[in-house]
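After the sequence you'll find the predicted model.
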Amino acid sequence: MKLWFTEIGEPLPNEKDVRLHRYGMLTKALAALGHDVVWWTSSFSHAVKKNVYHENGDLAIDGVTLRILKGPGYKKNISYRRIVHQKHFARQFSKKAADYPLPDIIISPVPTLETAEAAVSFGLKHGIPVLVDIRDEWPDEFVNLAPPSLKWLARLMLYGSFKQMSYICRNATGIIAMSHRQLNYGLSFANRAQGEFDGIFPHGYSAQKIEERKLVPARQWWKEQGVDENAFVCCFFGTIGRFFNLETIIDAAKSIASEFKMQFVLCGDGSSLENYKKLASGVGSILFPGWVDAPRIAALMEISDAGLAPYAANTCMSLPNKPFEYFAGGLPVISSIQGELKQILADNNCGRTYDADSVGELCNVLREFHASESRRREMGRRARQVFERDFSVENIAKKLDDHLKKTFRNKLKESENH
């Protein structure tokens, strides 16, 4: 089938030292299954905040056609310029899409609302099935940022976004999502129960092995950073911003410092990094090495004892990508997320969950993990099994492939009957 994806926030597969996200992995895997895949995307890289291309054009990589539209860009994640950028891309897509051979199905994520709305409108106009992929609870995540007394005002100010979301979900052929929670979120806007064109397809992760020639210097780099293979090491990779609560990690490190040798290696960059560095000042067991590439991630997971998923208490995420990256590395997970992930960790005995704001609970989990290396290794082995069974991007792509074929086939029958 000819598939179109519309996504403008993820790293592109030809960016330097990039780690592919949901669409980077899925488009590649679906192309490998024989689909003609076109990924409509922006010239502007969200990660580095600059244009990596300077004109419109197509670029073929790993069997996927990147259809690049030049955008104005922005400097801050939450800004008026970002809204302008997103609206510009949606207009460009609407203007140019009909110039190309039409696809069999369009898959468009939320966020961004502007692009998803344009994709749904284009699908309705041309009789093309559109699946909306709910990745975040948008726009409620913005409402959740407001103080309780002002949530009503935030919701009022975002009236247009809520109206957009209702249009998108009501008019899409189907809603897919990364978790039950997010699927139900989309269905609430559609005002209907789950149907045959809806489904859950987790984020997943690709466990492709890093070449040894790249791992050797990466291992040496960690030694130079002061990571001690003989210590109990917990690793974290992520954008250090509002979605994560590292304060509980820092306080736990202080509390447990005298009990055993431990290191917290907190990798990444973001708006809250400097604040957390100040909180951790003088705590020798905490390292902030900054952003790290794929070889260094793999090398650090080799010497780590657990992976941290320290999400903030008010996060709307249910099955984020971070735990599955640790699963792929054979690491048990220490998580603050309640709900679906907590159930997975408990059912498969491959991790533990603590309350996001409870230093005591986190310390107890750390003590348990440290107390028994054999139990810890068994949990890591189980994590890898769960990954291979349920969360490898290759298996998820095969399930999505079946869903796309069913959607196309059944919608075709519907149109013939009319």
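Yes, it's here.

Need the phi and psi values for the nearest residue to residue 172 once chain neighbours are set aside.
Of all residues beyond its chain neighbours, the one nearest residue 172 is residue 132 (4.2 Å), with distances taken as C-beta to C-beta, 6 or more residues apart in numbering. For glycine as for every other residue, the C-beta is placed from the backbone atoms N, C-alpha and C. Residue 132 adopts backbone torsions of phi -90, psi 130, taken as degrees, to the nearest 10.

show me the contacts for residue 132.
For residue 132, the contact set (C-beta atoms under 8 Å, 6 or more residues apart in numbering) comprises 108, 109, 110, 116, 120, 168, 169, 172, 174, 175, 176, 186.

Which of those sits closest to residue 321?
residue 109 (13.5 Å; C-beta to C-beta).

Next SSE downstream of the strand or helix carrying that closest one?
Element membership for residue 109 (DSSP states H and E) is strand 105-110. Heading C-terminal from strand 105-110, the first helix or strand you meet, by DSSP H and E, is helix 113-126.

Show residues contacting that next one.
Here helix 113-126 makes contact (C-beta under 8 Å, 6+ apart) with 4, 6-8, 86-87, 89-91, 93-94, 97-98, 102, 106, 108-110, 128-130, 132, 138-139, 161, 164-165, 167-168, 171-173.

Leaving out sequence neighbours, find the closest residue to residue 273.
In space, residue 273 is closest to residue 240, 4.6 Å off (C-beta to C-beta, 6+ apart).

got a list of what the closest residue to residue 245 other than its chain neighbours touches?
In this structure, residue 245 finds its nearest non-sequential neighbour in residue 312, 4.4 Å apart by C-beta to C-beta, 6+ apart. Listed by C-beta under 8 Å, 6+ apart, the contact partners of residue 312 are 242, 243, 244, 245, 336, 356.

quick one: residue 312 from residue 254, how far?
20 Å (C-beta to C-beta, to the nearest Å).

Outline the domain layout of the protein.
Domain assignment for the chain, taken from automatic domain parsing, gives 2-205+393-417, 212-391.

returning to that earlier point: what's across from the residue nearest to residue 172 in the sheet?
As for beta bridges, residue 132 partners with residue 108, residue 175 under DSSP bridges.

quick one: pLDDT of it?
Per-residue pLDDT puts residue 132 at 98.

Use 11 as the first number from now on
Fine by me, first position is 11 from now on; the one you just mentioned is residue 142.

Now the residue nearest the centre of the chain: phi and psi?
The centroid of the chain falls nearest to residue 331 when counting by C-alpha atoms, centre = their mean (4.8 Å). Torsion angles at residue 331 (phi, psi; degrees, to the nearest 10) stand at phi -80, psi -30.

How about it, nearest residue that isn't a chain neighbour?
Closest residue to residue 331 apart from its sequence neighbours, by C-beta to C-beta, 6+ apart: residue 213 at 4.0 Å.

Check residue 41 too.
Nearest to residue 41 is residue 73, by C-beta to C-beta, 6+ apart, at 3.4 Å.

before we move on, back to that, and for the residue nearest to residue 331, the neighbour number?
Neighbour count for residue 213, taken as other C-beta atoms under 10 Å: 22.

contacting residues around it?
So residue 213 contacts 32, 188, 329, 330, 331, 334, 401 (C-beta under 8 Å, 6+ apart).

Against residue 252, how distant is it?
Residue 213 is 19 Å from residue 252, by C-beta to C-beta.

Check residue 110 too.
Between residue 110 and residue 252 the distance is 38 Å, computed by C-beta to C-beta.

Show the contacting residues for the residue nearest to residue 35 when sequence neighbours are not counted.
In space, and not counting its chain neighbours, residue 35 is closest to residue 403: 4.3 Å by C-beta to C-beta, 6+ apart. For residue 403, the contact set (C-beta under 8 Å, 6+ apart) comprises 35, 36, 39, 214, 215, 216.

Where does pLDDT dip in this structure?
Residue ranges of the chain with pLDDT under 70: 27, 426, 428.

in the stretch 311-428 of the chain, which spans are strands?
Secondary structure of the stretch 311-428 of the chain (DSSP state E, counting those that start in this stretch): strands located at 316-319, 343-345, 361-363.

same question, the stretch 111-260 of the chain
Using DSSP E, counting those that start in this stretch, strands in the stretch 111-260 of the chain cover 115-120, 140-144, 184-187, 209-210, 242-247.

now those in TSV, with distance to residue 163?
Shown next, in TSV, are these (distance: least, C-beta to C-beta, whole Å):
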stretch	distance to residue 163
strand 115-120	23
strand 140-144	25
strand 184-187	28
strand 209-210	33
strand 242-247	34
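
Of those strands, which is nearest residue 166?
Comparing those by C-beta to C-beta, strand 115-120 comes nearest, at 20.8 Å.

And the closest one, what does it pack against?
The elements that strand 115-120 packs onto, with contact taken as 3 or more C-beta pairs under 8 Å, 6 or more residues apart in numbering; DSSP states H and E, are strand 12-16, helix 123-136, strand 140-144, helix 403-427.

just how off-centre is that strand within its chain?
In terms of C-alpha atoms, centre = their mean, to the nearest Å, the gap separating the centre of strand 115-120 from the centre of its chain is 16 Å.

do you know which of the strands of the stretch 111-260 of the chain lies nearest residue 57?
That would be strand 242-247 among the strands of the stretch 111-260 of the chain, by C-beta to C-beta, at 13.5 Å.

Now do stretch 268-278: everything it contacts.
Stretch 268-278 is contacted from outside by 237-238, 240-250, 256, 259, 263, 266, 286, 295-302, 306-307, 310, 314, 318, 376-377, 380, using C-beta under 8 Å, 6+ apart.

Is it possible to mark the buried ones in those residues?
For the contacts of stretch 268-278, a burial check counting by 16 or more other C-beta atoms under 10 Å picks out 237, 241-250, 256, 259, 263, 266, 286, 295-299, 302, 306-307, 310, 314, 318, 376, 380.

Next step: these restricted to helices.
259, 263, 266, 286, 306, 307, 310, 376, 380 (DSSP state H).
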